[in-house]
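[1] please find the sequence and the predicted model below.
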Amino acid sequence: MKYELENRHVLSDLGNWFSIHNNAIKIGWRKCVIDFTEESLFSGFISFFLVAVFSFSSHLSVWGQSDDPSNALFDMERIARFQFEMSEGEWKKLQPPEGVDWDIEKAFARVGEDVMSGNKAFRNGDDARAGLAGYFGINHQYGSGVVTVNGESLKEVGIRYKGNGTFWAGHLGGKYSFKIDFSEYVKGQEFYGLKKINLNNEITDPSMLREPLSYYFFRSAGVPASRTGWARVSLTRGKGKPVSDLGLYVSVEQVDKRFLKRHFGSSKGLLLKPSCFGAFCYLGEKWEPYETAYGQKTEGTAAQRQRVIEFSRLIHRANDATFEQEIEKYLDMDAFYSFLSANVILSNLDSFLAGTQNYYAYLNPSTERIQFIPWDLDSSMGAFTMVGNRSGRRKLSIDEPQVGDGANRLIERVLGVPRFRKAYRDRLTELLHGPFSDQSMSAALKGFAGVITPYFQQVGGDALEEFERTLYGKPSGSGPDPLSFFINARRTSLQKQLDGKSNGERVKFNDPGALTGYFLSLVQVGIIAFLVALLNLGAWVWGVIAGFRRGAGWGILNLVFYPVAPLLFGFFVCPDKGRRSAWMCLISTLLTILVVIASSLFFPVLVELNS
């Protein structure tokens with residue numbers, strides 16, 4: 001007889017599936033079938049015992065980690081307190097240079113020029129920061145300060161701003177993200193067992209839940225992904241100066257050698273953080289251009305660097321038969337199915353799906369195969385408004401999830417092979433009914449929200465209203481879908497695509513639906529409002545004239561108290577002189593009320609139609 005064991009974490013109410021990667025041993029959300037036939041009863045019990053041991057050890061190492069002091073910073077059940085103390089001089093080092101042109105259209109124009117010129121690296125020159133911030137002339141600089149976390153202090157810590165698009169949004173909104181480097185000024189210095197930590201402003205997500213929920217989902221899917229936590233951050237600039245409350249942040253674990261050792265058992269592989277126009281662009285046979293475009297983070301070996309070049313050449317130069325035959329030698333396919341499926345399920349478009357940035361790639365020294373690590377998930381769950389429209393993002397195609405044509409040849413070629421596509425769809429199905437199920441996601445959403453709700457209740461005002469709306473509200477305007485709405489709509493779309501009832505939707509950059517649809521809707525509503533206003537103007541003038549025909553008193557009343565006075569005058573006081581003007585006044589007033597109600601109720605629908 002056969003017993004089918006579905007290994008789930010003991011915190012099943014949060015739906016957290018775990019995984020242990022150690023060569024052939026893989027335990028997680030996938031079903032582990034153990035055969036207890038009469039012929040193999042003993043081996044079956046041994047297998048069951050090993051599963052139990054590994055499950056328990058995973059529970060300790062992944063969640064409990066009682067021997068890891070960094071857990072205090074990645075505890076999703078409470079908010080940590082961070083305080084920065086910096087002199088004015090050190091604080092100024094963080095600030096953008098004077099004379100920065102913050103016109104984002106000009107920055108994107110320079111990005112477009114690089115794309116058209118054939119430049120592969122997503123950076124404004126070799127010395128510039130990778131990503132959009134570099135096109136503003138920004139290259140984040142550290143300043144030294146004292147960092148206090150939950151009452152424990154450390155001096156001479158490096159503090160700087162971080163981010164690209166979120167940095168620009170942070171400049172507009174007055175809330176920047178931070179990268180903290182405990183060893184920037186004192187070599188080897190650590191704090192809570194860490195050398196670096198990131199504090200993300202989540203300025204584009206009023207719920208502050210998209211990023212931690214997305215990292216949680218990736219981990220639940222068995223993908224190596226950063227831990228997250230909550231942080232209430234304050235700043236003191238100079239001795240004796242008042243403390244400034246910077247607000248609530250999401251703390252995100254740095255992908256570094258400690259991360260690699262914990263997830264892969266070794267940090268001696270080659271870690272990359274690509275930022276280029278296209279996934280794993282082929283840049284020739286010498287490593288120098290790859291070092292910049294691929295964002296080399298660890299030294300690696302000459303053989304590892306050569307293997308990455310071969311991987312790139314295989315993606316972009318090999319014929320279909322060679323690609324299918326060779327790709328499994330370079331890419332951990334099982335891990336890739338999970339990574340790709342998780343990105344697709346979350347409609348995480350400011351990412352590997354766009355082929356430009358916001359992911360790490362690690363050449364695992366034990367397998368000599370590449371595995372992917374997610375990064376910067378604040379625009380996940382359909383929130384990347386630079387791509388497609390709301391409908392397209394929630395209905396993103398599972399068979400063609402890459403943004404545009406040619407930007408991600410790896411996805412195109414892998415899904416172009418029938419056996420690979422089947423394995424990927426099988427994995428996506430497992431994730432859909434496992435970590436992305438209604439039970440799992442609802443529990444996680446409710447649990448995470450419950451921790452930070454008191455903070456927003458304390459802040460109150462618009463922040464609380466936006467927090468609640470982006471959690472459980474209905475779509476409005478041109479912004480992203482509220483979280484609960486998106487999760488349910490995305491789950492429905494995924495199931496329809498897997499059942500063959502829908503093909504989903506393809507998306508691309510600069511889709512007119514993203515912005516043009518919104519502004520076109522504004523223009524349409526504006527034209528209607530203008531015509532109704534003209535009608536009211538005519539009714540008002542007509543009513544005033546009719547009133548003066550009766551006498552100066554009614555003329556002034558109709559002039560000042562429109563529409564009430566003209567209606568009373570025309571229908572009750574002097575019908576023979578004012579009935580027709582009263583009817584026009586009544587029609588104009590009703591049309592005005594109708595337009596206001598219709599605009600508030602159906603404007604989002606109009607945006608979708610125009611998109």
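    Happy to help now that I have it.
[2] rest of the way, CA atoms for contacts and neighbours
    OK.
[3] what score does the closest residue in space to residue 306 that isn't next to it in sequence have for pLDDT?
    Counting by C-alpha to C-alpha, 6 or more residues apart in numbering, residue 306 lies nearest to residue 287, which is 7.6 Å off, once chain neighbours are set aside. What the model reports for residue 287 is a pLDDT of 96.
[4] same check on residue 149?
    You'll see residue 149 listed with a pLDDT of 96.
[5] and if you look at the one 4 residues further on?
    With respect to pLDDT, residue 153 scores 96.
[6] and the helix or strand hosting residue 526, how far out from the chain middle?
    Here residue 526 sits within helix 512-550, counting by DSSP states H and E. When C-alpha coordinates are averaged (C-alpha atoms, centre = their mean, to the nearest Å), helix 512-550 and its chain have centres 40 Å apart.
[7] got the domain ranges for this protein?
    Following automatic domain parsing, one gets these domains for the chain: 1-67, 69-259, 266-498, 512-610.
[8] which is the next helix or strand following the helix or strand containing residue 315?
    Element membership of residue 315, judged by DSSP H and E, is helix 302-317. Next along the chain after helix 302-317, taking DSSP H and E as the criterion, comes helix 320-330.
[9] any stretches of the stretch 451-600 of the chain with poor pLDDT?
    Residues of the stretch 451-600 of the chain that meet the criterion pLDDT under 70 lie in 478, 510-522.
[10] show me where it has helices.
    461-472, 483-498, 512-550, 552-560, 564-568, 575-610 (DSSP state H, counting those that start in this stretch).
[11] ok, which of the domains of the chain comes nearest residue 504?
    Comparison of the domains of the chain against residue 504 by C-alpha to C-alpha identifies domain 266-498 as nearest, at 4.2 Å.
[12] dump the domains of the chain to JSON lines, plus distance to residue 506 and mean neighbour count.
    Converted to JSON lines, these look like this (distance: least, C-alpha to C-alpha, whole Å; neighbours: other C-alpha atoms under 10 Å):
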{"stretch": "domain 1-67", "distance to residue 506": "29", "mean neighbour count": "15"}
{"stretch": "domain 69-259", "distance to residue 506": "21", "mean neighbour count": "19"}
{"stretch": "domain 266-498", "distance to residue 506": "6", "mean neighbour count": "20"}
{"stretch": "domain 512-610", "distance to residue 506": "13", "mean neighbour count": "18"}
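[13] make TSV out of the ones you listed and add distance to residue 505.
    As requested, the domains of the chain are exported to TSV (distance: least, C-alpha to C-alpha, whole Å):
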stretch	distance to residue 505
domain 1-67	28
domain 69-259	22
domain 266-498	5
domain 512-610	13
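[14] what sits up against stretch 559-574?
    Counting contacts by C-alpha atoms under 8 Å, 6 or more residues apart in numbering, the residues outside stretch 559-574 that touch it are 540-541, 543-544, 547, 550, 554, 557-558, 575-583, 585-586, 589.
[15] picking up where we left off before, quick check: angle from the helix holding residue 526 to helix 575-610?
    What separates the directions of helix 512-550 and helix 575-610 is an angle of 180 degrees, with axes from the mean of the first three to the mean of the last three C-alpha atoms, to 10 degrees.
[16] tell me the pLDDT of the residue nearest to residue 507 when sequence neighbours are not counted.
    If you skip the residues right next to it in sequence, residue 507 has residue 388 as its closest partner in space, 5.1 Å away by C-alpha to C-alpha, 6+ apart. The predicted local confidence for residue 388 comes out at a pLDDT of 86.
[17] against residue 354, how distant is residue 388?
    12 Å (C-alpha to C-alpha, to the nearest Å).
[18] what do you get for residue 506?
    Taking C-alpha to C-alpha as the criterion, residue 506 is separated from residue 354 by 12 Å.
[19] which residues do those two both contact?
    Common neighbours of residue 506 and residue 354 (C-alpha under 8 Å, 6+ apart) are 402-404.
[20] related to what we said a few turns ago, so which elements touch the helix holding residue 526?
    Helices and strands touching helix 512-550, as assessed by 3 or more C-alpha pairs under 8 Å, 6 or more residues apart in numbering; DSSP states H and E, comprise helix 552-560, helix 564-568, helix 575-610.
[21] who wins for proximity to residue 330 among those?
    The closest approach between residue 330 and any of these, judged by C-alpha to C-alpha, belongs to helix 575-610 at 42.1 Å.
[22] surely residue 589 touches residue 538?
    No. The pair residue 589 / residue 538 is not scored as a contact, 11.8 Å apart, by C-alpha atoms under 8 Å.
[23] mind checking the SS state of residue 371?
    Reducing the assignment at residue 371 to three states with DSSP: H, G, I helix; E, B strand; the rest coil gives strand.
[24] partner residues bridging it?
    Beta bridges link residue 371 to residue 362, judged by DSSP bridges.
[25] and it, how far from residue 293?
    The gap separating residue 371 from residue 293 is 18 Å, by C-alpha to C-alpha.
[26] do residue 244 as well
    Going from residue 244 to residue 293 by C-alpha to C-alpha gives 38 Å.
[27] in this structure, where is pLDDT below threshold?
    Short version for the chain, where the test is pLDDT under 70: 1-67, 104, 108-131, 133, 135-136, 355, 478, 510-522, 602-611.
[28] let me see the ranges of the strands in it.
    Taking DSSP state E as the criterion, the chain carries its strands at 2-5, 20-22, 25-27, 32-35, 79-86, 143-149, 152-162, 177-181, 196-200, 228-237, 243-253, 270-272, 359-364, 369-374.
[29] in TSV: those, plus distance to residue 106.
    Listed next are the strands of the chain as TSV, based on distance: least, C-alpha to C-alpha, whole Å:
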stretch	distance to residue 106
strand 2-5	57
strand 20-22	45
strand 25-27	48
strand 32-35	54
strand 79-86	34
strand 143-149	29
strand 152-162	21
strand 177-181	23
strand 196-200	26
strand 228-237	33
strand 243-253	30
strand 270-272	29
strand 359-364	26
strand 369-374	29
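[30] list just the one of those strands that sits closest to residue 458.
    The minimum distance between residue 458 and the strands of the chain falls on strand 243-253, with 11.5 Å, by C-alpha to C-alpha.
[31] which other helices and strands contact that closest one?
    By contact count (3+ C-alpha pairs under 8 Å, 6+ apart), the secondary structure elements abutting strand 243-253 are strand 196-200, strand 228-237.
[32] in TSV: the ones you listed, plus distance to residue 90.
    Putting these into TSV (distance: least, C-alpha to C-alpha, whole Å) gives the following:
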stretch	distance to residue 90
strand 196-200	19
strand 228-237	9
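[33] of all those, which one comes closest to residue 212?
    Of all the helices and strands packed on strand 243-253, strand 228-237 comes closest under C-alpha to C-alpha, at 5.9 Å.
[34] mind listing the strands that closest one pairs with, and their directions?
    For strand 228-237, sheet partners with direction are given as strand 79-86 (parallel), strand 243-253 (antiparallel), following DSSP bridges.
[35] contact partners for residue 336?
    If you count contacts by C-alpha under 8 Å, 6+ apart, residue 336 has them with 371-372.
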